[in-house]
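Have a look; sequence and predicted model below, questions after that.
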Number of protein chains: 2
Amino acid sequence: MLWYNGKLIDAKDATFDVADRGLLLGDGLFETLAAFNFIPFRLDAHLERMMASAERLGMGLDREALQEAVLAVAELDNAPCVIRLNVSRGAGPRGLLPPETTNPLIFATRAPWQRSIAFGEATLATVSIRRNPTSPTSSMKTLAYLDPVLSLQEARAKGADDALLLSPTGSIACTSMANLFILNQNRLSTPALDGNILPGIMRRALLEVAPHLGLDVSEGDCSLEELRKADLVMASNSVRLITKITQIDGKAVSVHSMARWAAFTDEITKLISKECGGFTLSR
Amino acid sequence: MLWYNGKLIDAKDATFDVADRGLLLGDGLFETLAAFNFIPFRLDAHLERMMASAERLGMGLDREALQEAVLAVAELDNAPCVIRLNVSRGAGPRGLLPPETTNPLIFATRAPWQRSIAFGEATLATVSIRRNPTSPTSSMKTLAYLDPVLSLQEARAKGADDALLLSPTGSIACTSMANLFILNQNRLSTPALDGNILPGIMRRALLEVAPHLGLDVSEGDCSLEELRKADLVMASNSVRLITKITQIDGKAVSVHSMARWAAFTDEITKLISKECGGFTLSR
């Protein structure tokens, strides 16, 4: 079952206009959310991000309709799930330019959320594809998502779990699917929202909980050297929550802060539990 | 009618898997071709480009099946048409990574080709989005085509017909839909295939005919200054053929070579006529 254009239907009954701009040009947006006990975690933040992106694309969207789509699939079942909310700008004439009035297509699907993907470990490999801060697509979750796909393929070919993407100037940007955090003593650093990275919802959650753990927070340029020398490197993602980075380009990351790691997982667990009901995530 | 997954069907009967990676991630490719007298112009070159791109994406494709799709819609009607050939990597599990075995979906559509779009004029505006030579998507026609869309929107908002896109170093790259050529005296220059631009099929045709017109050809870095001082600036595109650029950022391009322009249109007309039958394109 999926939510499609205003109602729940069987997946096999979903029809797409062959002139759909999401399909032909990647002209659309998506959000990926985790839901527990029927409740999508940080739904408002996800919807706000999608609405802000739609405005940048010049695509009129109805926030209520987006919320309805997410809640419809969240409420199908009590089991933890991953929800993907998709919006295409809709059909258009031949060519690149959108028509003056568009009729966006909204659809949302759900898949089981596996506990095993939360609070995991991952190795990274730097890849040849760099972020493009001049492109709005670098800071939005658009249906034109091939750069992250190709980055991940390149990292996997190098034997790593995920890609480490750099900005054009060589500073740390993100992974193919997550924001990055560096812990050094009492300072938690993360790349700034400078157009190279997505404004992650879990990124924001980590910045919120850091002060509770007695940490100073800084957003700015992070070098590969800093990443390699950190006490702890973490990746944040709405579905995997936080992931401990164990290797970068085949070299182990020094992991001095196991107590800090445990404290972060506890804080994130508390946030989810508070918003989505008493849910205990095993470490 | 469209060609869809091996046969001609009504457009309204096209179903898409909601797990289709072309739709969800832009994980696919397309080609746009013009056809005259049932014959797609430079079909082999378009198919070779798509096969080469598929190999870069690690996507197995059957060239025969692609050709069958294009010819099926070309042969529907004698009227000149624009054919769009699309390939999606097909359905996959949740997440970015393609499955080990994929079942690509091929579909092709046609739309009328209007004589009025050939050999036209256009104004350009430089835009904020720059090309990203580290991304394979900058040199392939992928379904993740939002950068060109947003570039064109930005140019239109500035009152121009098309966008002038620069490389990260500020050299000339392309428009949102065409390659660029600069004529200065007896030299025809065009940006090199350095990862910032698509290897255009009409670009290649222009490079072929230039020596017939007594021109020296050079592929390399072109500056905005060179573009502004040129005798003639042209954009090349498989559907619009060649377009004369009349303004860049509101300033007229000096057009000293109207005889050259006429000669180029004659040569392109001859190429098409030779391949697709006796077809005269009015200037």
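Sure thing, it's come through. Numbering: from 1, shown residues only, chains lettered A, B, ... in the order given.

Please enumerate the strands of the stretch 1-150 of chain A.
Across the stretch 1-150 of chain A, reading from the start of the chain, the strands by DSSP state E, counting those that start in this stretch fall at A:2-4, A:7-9, A:28-36, A:39-40, A:81-88, A:105-112, A:121-126.

can you check the stretch 151-283 of chain A too?
Listed in chain order (using DSSP E, counting those that start in this stretch), the strands of the stretch 151-283 of chain A are A:162-166, A:172-175, A:179-184, A:187-190, A:216-219, A:232-237, A:241-248, A:251-252.

out of these, nearest to residue B:50?
strand A:162-166 (25.5 Å; Cβ to Cβ). Where you see a C-beta, it was placed from the backbone N, CA and C, and this is true even at glycine.

if we can go back for a sec, could you dump the strands of the stretch 151-283 of chain A into TSV and include distance to chain B, mean neighbour count and mean pLDDT?
Compiled in TSV, these are given as follows (distance: least, Cβ to the nearest Cβ, whole Å; neighbours: other Cβ atoms under 10 Å in any protein chain shown; pLDDT from 0 to 100):
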stretch	distance to chain B	mean neighbour count	mean pLDDT
strand A:162-166	9	25	98
strand A:172-175	10	26	98
strand A:179-184	15	23	97
strand A:187-190	21	21	97
strand A:216-219	23	13	97
strand A:232-237	11	25	97
strand A:241-248	14	21	97
strand A:251-252	23	10	94
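
sorry, back to before: may I see the strands of the stretch 1-150 of chain A organised as CSV, with mean pLDDT, mean neighbour count and distance to chain B added?
As requested, these are arranged in CSV below (pLDDT from 0 to 100; neighbours: other Cβ atoms under 10 Å in any protein chain shown; distance: least, Cβ to the nearest Cβ, whole Å):
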stretch, mean pLDDT, mean neighbour count, distance to chain B
strand A:2-4, 95, 23, 6
strand A:7-9, 96, 13, 10
strand A:28-36, 97, 24, 7
strand A:39-40, 96, 21, 16
strand A:81-88, 98, 24, 6
strand A:105-112, 97, 20, 5
strand A:121-126, 98, 20, 12
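
Mind putting those strands into JSON lines with distance to residue A:187?
JSON lines is the format used below for the strands of the stretch 1-150 of chain A (distance: least, Cβ to Cβ, whole Å):
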{"stretch": "strand A:2-4", "distance to residue A:187": "43"}
{"stretch": "strand A:7-9", "distance to residue A:187": "47"}
{"stretch": "strand A:28-36", "distance to residue A:187": "28"}
{"stretch": "strand A:39-40", "distance to residue A:187": "32"}
{"stretch": "strand A:81-88", "distance to residue A:187": "32"}
{"stretch": "strand A:105-112", "distance to residue A:187": "37"}
{"stretch": "strand A:121-126", "distance to residue A:187": "21"}
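
Tell me how many other residues surround the residue nearest to residue A:51 when sequence neighbours are not counted.
Nearest non-adjacent residue to residue A:51, counting by Cβ to Cβ, 6 or more residues apart in numbering or on different chains: residue A:63, 5.5 Å away. The burial metric for residue A:63, expressed as a neighbour count using other Cβ atoms under 10 Å in any protein chain shown, is 13.

same question, residue A:42
Here the neighbour count serves as a burial measure; for residue A:42 (other Cβ under 10 Å) it reads 20.

ok, so what distance separates the residue nearest to it when sequence neighbours are not counted from residue A:72?
Spatially, and ignoring its direct neighbours in sequence, residue A:42 is nearest to residue A:201 (5.0 Å; Cβ to Cβ, 6+ apart). Relative to residue A:72, residue A:201 is positioned 20 Å away (Cβ to Cβ, to the nearest Å).

can I assume the residue nearest to residue A:42 is in contact with residue A:49?
Yes: using Cβ atoms under 8 Å as the test, residue A:201 is close enough to residue A:49 to be in contact (6.9 Å).

which of these two has more neighbours?
Counted by other Cβ under 10 Å, residue A:201 and residue A:49 do not tie: residue A:201 has more neighbours, with 23 against 20.

For that one, give me its contacts.
Shown here is residue A:201, whose contacts under the criterion Cβ atoms under 8 Å, 6 or more residues apart in numbering or on different chains are A:42, A:45-46, A:49, A:238.

Would you convert those into a markdown table that also reports distance to residue B:104 and pLDDT?
As requested, those are exported to a markdown table (distance: Cβ to Cβ, whole Å; pLDDT from 0 to 100):
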| residue | distance to residue B:104 | pLDDT |
| --- | --- | --- |
| A:42 | 36 | 98 |
| A:45 | 36 | 98 |
| A:46 | 31 | 98 |
| A:49 | 32 | 98 |
| A:238 | 29 | 98 |
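
Out of these, the closest to chain B would be?
Of all the contacts of residue A:201, chain B sits closest to residue A:238, with 12.7 Å by Cβ to the nearest Cβ.

Quick one: neighbours of the closest one, just the number.
Residues contacting residue A:238 under the criterion other Cβ under 10 Å number 23.

Pull up the gap between it and residue A:179, please.
With distances defined as Cβ to Cβ, the gap from residue A:238 to residue A:179 amounts to 10 Å.

who touches both of these two?
Common contacts of residue A:238 and residue A:179 (Cβ under 8 Å, 6+ apart): A:200, A:202.

report the angle between the axes of the top helix by length along chain A and strand A:232-237?
Ordering each helix of chain A by length in residues (DSSP state H) puts helix A:258-276 first. Put simply, helix A:258-276 runs at 20 degrees to strand A:232-237, going by axes from the mean of the first three to the mean of the last three Cα atoms, to 10 degrees.

Only C-alpha atoms, please: export helix A:258-276 in PDB.
What follows is helix A:258-276 as a C-alpha-only set of coordinates in PDB (Å, rounded to 0.1, in the frame of the first residue of the first chain):
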ATOM      1  CA  MET A 258      33.400   5.500  23.900                       C
ATOM      2  CA  ALA A 259      31.600   7.000  26.800                       C
ATOM      3  CA  ARG A 260      30.700  10.000  24.700                       C
ATOM      4  CA  TRP A 261      29.400   7.700  22.000                       C
ATOM      5  CA  ALA A 262      27.200   5.900  24.500                       C
ATOM      6  CA  ALA A 263      26.000   9.300  25.800                       C
ATOM      7  CA  PHE A 264      25.100  10.400  22.300                       C
ATOM      8  CA  THR A 265      23.100   7.200  21.600                       C
ATOM      9  CA  ASP A 266      21.300   7.700  24.900                       C
ATOM     10  CA  GLU A 267      20.400  11.200  24.100                       C
ATOM     11  CA  ILE A 268      19.000  10.400  20.700                       C
ATOM     12  CA  THR A 269      17.100   7.400  22.100                       C
ATOM     13  CA  LYS A 270      15.600   9.800  24.700                       C
ATOM     14  CA  LEU A 271      14.600  12.300  22.000                       C
ATOM     15  CA  ILE A 272      12.800   9.600  20.000                       C
ATOM     16  CA  SER A 273      11.200   8.100  23.000                       C
ATOM     17  CA  LYS A 274       9.900  11.400  24.100                       C
ATOM     18  CA  GLU A 275       8.400  12.200  20.800                       C
ATOM     19  CA  CYS A 276       7.200   8.800  19.700                       C
END
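
Much appreciated, bye for now.
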